[in-house]
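A.B. asks: Generate coordinates for the sequence data below:
(chains A, B, C and D)
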Amino acid sequence: MSVTLQAEPFEPGAVLTAFTAGRTETGAVASFTGIARAEAGAATALELEAYPGFTDIEITRIGAAAAARWSLQDWLVVHRVGQIAPGEPVVFVATASRHRREAFEACDHLMDYLKSRAPFWKKEHGPDGARWIEPTDRDRTDAQRWET
Amino acid sequence: MSVTLQAEPFEPGAVLTAFTAGRTETGAVASFTGIARAEAGAATALELEAYPGFTDIEITRIGAAAAARWSLQDWLVVHRVGQIAPGEPVVFVATASRHRREAFEACDHLMDYLKSRAPFWKKEHGPDGARWIEPTDRDRTDAQRWET
Amino acid sequence: MARVLLFGRLADAAGWRERTVEADSLSALRAALTASDAQLGEALAGPGVQAAVDKTILRGDAPLTAASEVAFLPPMSGG
Amino acid sequence: MARVLLFGRLADAAGWRERTVEADSLSALRAALTASDAQLGEALAGPGVQAAVDKTILRGDAPLTAASEVAFLPPMSGG
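C.D. replies: The predicted structure is shown next:
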């Protein structure tokens, strides 16, 4: 149960290794890695701003609610902030549960939240300058799937 | 696009690291790790039998169909065979796509197939002896979600 | 008095990210910021912009002390 | 003649996993296996058991050659 916001690049595989180690009663670990796309040169860098002490607490609150809803044994979010180069991982989410349906759904749900409503402000730097990004319609639609 | 059946233990994090490396146009990598549960001592080992040249070809066929259905950029399955100790990874699936919905759904679908219909024969060794496992009703129900 | 933080496009528009401003309430702070930069004042009142006092989002007014931290948050984009 | 492979509980029941059997068709092979082990013959005809010739699942009969590989597959359990 941890949320890490960090400016330094990270290796999702190493995080997954640490997360899965020593689990003898976990049947299922789902994970998601979000990578900054190069868009064939149209995106040269991504800049993510967080509000430390607010962004991490909000993500922890959503993670704890997901853990309760899907009976997770554990969950983890690592999220980059600052300048992110194309091809670098931006976000990594892992969920652990006894059975796979719960791990998949909780991971999917956390990603929808992180991509659409988490307190980040995102700027895309491209050859024509920089622009702040707003959530897409699809992000909103995906996130609404969970409002039952 | 690879299917590996192996008797040796493997490290899912290392597989994920290799799978995600150098992807500048992949936005999303979903992964799933299935681990042999100890069931508090009720399960002492899992034994998985495959039919080499048949099992891997069947999984490849299903993977290729999923890649076409969800426009995957890449996918990978690593599956243990033989004796598997509690706490050891049994299966690892990773899917890569531009956007996350496709990666999640394809990974979920491949796991449903692998857990319910893939050509494996599974024996659970416990304190009371060994028994062959048949797919559960939930496995069948999960797999049927994809028959549209 | 309060420590004021601006995020995202608000910081770009104002040309600063953090500043200490003399004000004993959120409404007085908004007025002070608008007086020094009318465009910023308008942006702060714009659609979807939220104010957080000591990391809690508030609607309406609130008293501020010297220890207060006020953050103005444009619509969150997700990560 | 054909190389015969048994999987899962079929191999446990028969006490062997692989054997060469004289038979020029799948039906002749089934008859030969049943003649040498009636219980196995019954298990091979049981619900959900499939036969694959040269790694292709077949229903009905098929000719076999010396190079044929015949596998009897109990219901697949998934991994």
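
A.B. asks: OK, contacts around A:Gly34?
C.D. replies: By CB atoms under 8 Å, 6 or more residues apart in numbering or on different chains, the contact set of A:Gly34 is A:Pro89, A:Val90, A:Val91, A:Phe92, A:Met111, A:Lys115, B:Gly27, B:Ala28, B:Arg100, C:Gly79. Quick note: C-beta positions are derived from backbone N, CA and C, even for glycine.

A.B. asks: what do you get for A:Thr55?
C.D. replies: The neighbours of A:Thr55, taking CB under 8 Å, 6+ apart as the test, are A:Leu5, A:Ala118, A:Pro119, A:Phe120.

A.B. asks: surely the last one meets A:Glu49?
C.D. replies: Okay, so that is A:Phe120. Yes - A:Phe120 lies in contact with A:Glu49 (CB atoms under 8 Å); the separation is 6.6 Å.

A.B. asks: Overlap in contacts, the two.
C.D. replies: With CB under 8 Å, 6+ apart as the test, A:Phe120 and A:Glu49 both reach A:Val81.

A.B. asks: Kindly indicate which of the contacts of A:Gly34 lies nearest chain D.
C.D. replies: B:Ala28 (24.1 Å; CB to the nearest CB).

A.B. asks: Can you list phi and psi of the residue nearest to C:Arg30 when sequence neighbours are not counted for me?
C.D. replies: Nearest non-adjacent residue to C:Arg30, counting by CB to CB, 6 or more residues apart in numbering or on different chains: C:Leu44, 6.3 Å away. Dihedral pair for C:Leu44: phi -70, psi -30, per degrees, to the nearest 10.

A.B. asks: To what extent is C:Leu44 buried, counted in neighbours?
C.D. replies: Neighbourhood size, C:Leu44 [other CB atoms under 10 Å in any protein chain shown]: 20.

A.B. asks: and it, how far is that from C:Ile57?
C.D. replies: 14 Å (CB to CB, to the nearest Å).

A.B. asks: Repeat that for A:Thr55.
C.D. replies: As judged by CB to CB, A:Thr55 and C:Ile57 stand 13 Å apart.

A.B. asks: if we can go back for a sec, which one of A:Phe120 and A:Glu49 has more residues nearby?
C.D. replies: Ranked by neighbour count (other CB under 10 Å), A:Phe120 and A:Glu49 place A:Phe120 first, with 27 against 19.

A.B. asks: And the pLDDT at the residue nearest to that one when sequence neighbours are not counted?
C.D. replies: Take A:Phe120 and drop its neighbours on the chain: the residue closest to it by CB to CB, 6+ apart is C:Gly79, 4.5 Å away. The model reports C:Gly79 with a pLDDT of 85.

A.B. asks: before we move on, what about A:Ala42?
C.D. replies: We have a pLDDT of 75 for A:Ala42.

A.B. asks: which residues sit in contact with it?
C.D. replies: Applying CB under 8 Å, 6+ apart, the residues near A:Ala42 are A:Gly126, A:Pro127.

A.B. asks: List phi and psi for it.
C.D. replies: The phi/psi pair for A:Ala42 (degrees, to the nearest 10) is phi -70, psi -30.

A.B. asks: Which residue ranges of chain C form helices?
C.D. replies: Remark: helices assigned in chain C by DSSP state H are C:8-14, C:26-36, C:38-44.

A.B. asks: and the first one, is it in reach of chain A?
C.D. replies: In other words, helix C:8-14. Yes - using CB under 8 Å from any CB of the partner chain, helix C:8-14 reaches chain A at C:Gly8, C:Arg9, C:Asp12.

A.B. asks: Can you tell me which of the contacts of A:Gly34 end up in helices?
C.D. replies: Filtering the contacts of A:Gly34 for helices - DSSP H - leaves A:Met111, A:Lys115, B:Arg100.

A.B. asks: Not including adjacent chain positions, what is the nearest residue to the most centrally placed residue in chain A?
C.D. replies: Residue closest to the average C-alpha location in chain A (CA atoms, centre = their mean): A:Val91, at 4.2 Å. By the measure of CB to CB, 6+ apart, the closest residue to A:Val91 outside its immediate chain neighbours is A:Gly34, 4.2 Å from it.

A.B. asks: secondary structure element for the one you found?
C.D. replies: Per DSSP states H and E: A:Gly34 is located in strand A:28-35.

A.B. asks: picking that back up, so in terms of bridging, what pairs with the residue nearest to the centre of chain A?
C.D. replies: A:Gly34, A:His79 (DSSP bridges).

A.B. asks: mind listing what it touches?
C.D. replies: Per CB under 8 Å, 6+ apart, neighbours of A:Val91: A:Phe32, A:Thr33, A:Gly34, A:Val77, A:Val78, A:His79, A:Arg80, A:Met111, A:Leu114, C:Gly79.

A.B. asks: Which of the residues you listed sits closest to chain D?
C.D. replies: A:Phe32 (21.8 Å).

A.B. asks: pretty sure that closest one is touching B:His99, no?
C.D. replies: No - using CB under 8 Å, A:Phe32 is not in contact with B:His99; the gap is 11.7 Å.

A.B. asks: Between the two, point out the one with more neighbours.
C.D. replies: A:Phe32 (26 against 18).

A.B. asks: And the more buried one, what's its pLDDT?
C.D. replies: Per the predicted model, pLDDT is 98 at A:Phe32.

A.B. asks: Pull up the gap between it and chain B, please.
C.D. replies: From A:Phe32 across to chain B, the span is 5 Å (CB to the nearest CB, to the nearest Å).

A.B. asks: Sweet, I'm off.
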